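Engineer: please find the sequence and the predicted model below.
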Amino acid sequence: MTRPLIVLDALLLRPQPTGVGQAIIELTRALAATDRWFDVAVLCTSPELLPELADRAGWRIVPCPGAAGGTLRKALWTQLVMPRVLRRLGADLLHCLQFVAPLRLPCPSVVTVHDLGYLRFPHTIEQPRRLYYDRLVPASLRRARAVVCNSRATADDVVAWFPEVANRVWVTPFGAPQWVRGRPVASPDRGGAAPFLFVGTLEPRKNVEGLLRAYERFVAEREAAGLDCPQLVLAGGRGWRDTAIRSRLAALAASGRVIVEDYCNPDELWQHYSLARALLLPSLHEGFGFPILEAMAAGLPVLTSDRGAMAEVGGDATLRVDPEDQRALVAGMHRLTDDVRLRRDLVRRGHANLARWTWEETARTTGEVYERVLGGHR
């Protein structure tokens, strides 16, 4: 019996992958490690990021250089060229690893939703991208045979905004990033001169400006009381709508209080985790929140937001605050600076929480979605 061919749309995978790109790498590796009843072709503009799949039986990497570039170029390729590629490959199912699919498809589709931040916080997204999402996301979800979500929080958002697809929503939770496994963990009690750490793209949805305002207030209160004050390290590539962020960063960097790093590869990022006192991730919205689990793997306490996927992923192993409450953010920084017992307790809880999130489970539940959509083809 011929094995069905499932095509993965991995066009969002780019050099220097962050959240979505990292998730694509992790999912493809996890699926490749399972005992599969289907073959896979991966549409990709950066095949060098998936070297271990090139010679694996039942897998094909399909380079798509024409889709590389900005949002408009990728959109045109997806709508005009991808359907022809799917026909040529003989696809039985397309899994779009982001939430925009071709409007005309020769096969059923599954769509992954990583987050709906563009709807919940529209002011944090550039207008051209927002228009693109507004036009194509609803149609992609309506046409999909299944909508898979990386967290229960994301699934709840999908049902709230698109109730017509509620009976086709699946939760296939992500796992802890594989790159943190087996790395040496520094002492769990890093006080002294250890800095706070923020990891993420420097863009409005990450609440970077709110974090910096709170940090300025924290510094002023520590100095007024004659107390030591940890530095703040920000590790992440440049984002969008970041003029105000950059202006505030320039002043803080000049004072020596804030250190700004660009995109960090895994080795560089692990070094930052290993030297830090705590991770600060008070985002306005996240679809999942990989840095929470990365920090826990490195033995770091975590302060994050008391909402959505961040509360779901971190559970009771994080110090949770309202990200829009400056006083709460400042108070959290003071506690993580002065309360050794709190830091130790969060590290202990984080270690236990980490084990809940595995890519093996993601691959298993994703396979169940494929089987359901293909009508028991297995």
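Structural biologist: Yep, that arrived. Residues are numbered from 1 along each chain as shown.

Engineer: under the pLDDT cut-off, which ranges of the chain? List them.
Structural biologist: 1, 188, 191, 238-244, 376-378 (pLDDT under 70).

Engineer: repeat the analysis, applying 50 as the threshold.
Structural biologist: For the chain, no stretch is flagged by pLDDT under 50.

Engineer: would you mark the buried spots in the helix or strand containing residue 112?
Structural biologist: Secondary structure assigned from DSSP states H and E places residue 112 in strand 109-113. Within strand 109-113, the residues scored as buried using 16 or more other C-beta atoms under 10 Å are 109, 110, 111, 112, 113. To be clear about C-beta, it is placed using only N, CA and C from the backbone, and glycine gets the same treatment.

Engineer: quickly list what the nearest residue to residue 310 once chain neighbours are set aside is bridged to.
Structural biologist: The shortest distance from residue 310 to any non-neighbouring residue, by C-beta to C-beta, 6 or more residues apart in numbering, is to residue 304 (4.5 Å). Beta-bridge partners recorded for residue 304 (DSSP bridges): residue 281, residue 320.

Engineer: and residue 304, how far from residue 185?
Structural biologist: 20 Å (C-beta to C-beta, to the nearest Å).

Engineer: for residue 54, same thing?
Structural biologist: Relative to residue 185, and taking C-beta to C-beta, residue 54 is found at 33 Å.

Engineer: of those two, who's got more company?
Structural biologist: Ranked by neighbour count (other C-beta atoms under 10 Å), residue 54 and residue 185 place residue 185 first, with 15 against 11.

Engineer: run through the residues that contact that one.
Structural biologist: Residues in contact with residue 185 (C-beta atoms under 8 Å, 6 or more residues apart in numbering) are 274, 297, 298, 299.

Engineer: among the residues you listed, which two are most distant?
Structural biologist: Greatest spatial distance in those: 274 and 297, 10.7 Å, computed using C-beta to C-beta.

Engineer: in terms of neighbours, single out the busier of those two.
Structural biologist: Using other C-beta under 10 Å, the more surrounded residue of residue 274 and residue 297 is residue 297, with 21 against 17.

Engineer: how close does the spatially closest residue to that one that is not a sequence neighbour sit to residue 276?
Structural biologist: Nearest non-adjacent residue to residue 297, counting by C-beta to C-beta, 6+ apart: residue 180, 3.9 Å away. With the distance defined as C-beta to C-beta, residue 180 ends up 14 Å from residue 276.
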